[in-house]
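Q: turn this into a structure:
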Amino acid sequence: MKVISIGRFECREVRDLADAFIDNELLVETTLQVLGHIDRCRDCRAFVEEKIRLKRLVYTSVKQLDVPETLRGNVWEQIRKKGESQWRDYRERMY
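A: Down below sits the predicted model:
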């Protein structure tokens with residue numbers, strides 16, 4: 001979660017947080033600040049709306065792809081190995 005100080009947001013801050021805002025990764029307080037800003041700022045509202053449109057377009061396009069089962073298996077194997085590696089590193093740092 002991203003934490004931002006309370007106060008009025010500037011356009012730069014909203015644009016920096018746009019992806020996290022769209023993906024619902026911000027704290028409630030920060031989300032409310034972003035919503036307040038895009039309610040007042042037409043340019044930032046258009047920026048966020050365009051990012052949402054592009055994310056939907058990419059998601060729809062990728063969803064239609066036929067991925068070979070071997071590729072899918074290889075990707076999941078790499079994710080599993082990376083997760084194990086990160087967990088091992090975490091345990092070594094903590095204990």
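Q: please count neighbours and contacts with C-alpha atoms only from this point.
A: Noted.
Q: domain ranges for the protein?
A: Domain ranges of the chain: 1-64, 67-95, per automatic domain parsing.
Q: and those domains as JSON lines, adding mean neighbour count?
A: Output for the domains of the chain, formatted as JSON lines (neighbours: other C-alpha atoms under 10 Å):
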{"stretch": "domain 1-64", "mean neighbour count": "14"}
{"stretch": "domain 67-95", "mean neighbour count": "11"}
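Q: looking at this structure, which helix or strand does the model trust least?
A: When the helices and strands of the chain are scored by mean pLDDT, DSSP states H and E, helix 69-94 comes last with a mean of 80.
Q: which of the domains of the chain has the lowest mean pLDDT?
A: Per-segment mean pLDDT for those reaches its minimum on domain 67-95, at a mean of 79.
Q: off-centre distance for the least confident helix or strand of the chain?
A: 20 Å (C-alpha atoms, centre = their mean, to the nearest Å).
Q: again, but for stretch 62-70
A: Per C-alpha atoms, centre = their mean, the centroid offset for stretch 62-70 relative to its chain is 22 Å.
Q: residue 9 in helix, strand or coil?
A: coil (DSSP: H, G, I helix; E, B strand; the rest coil).
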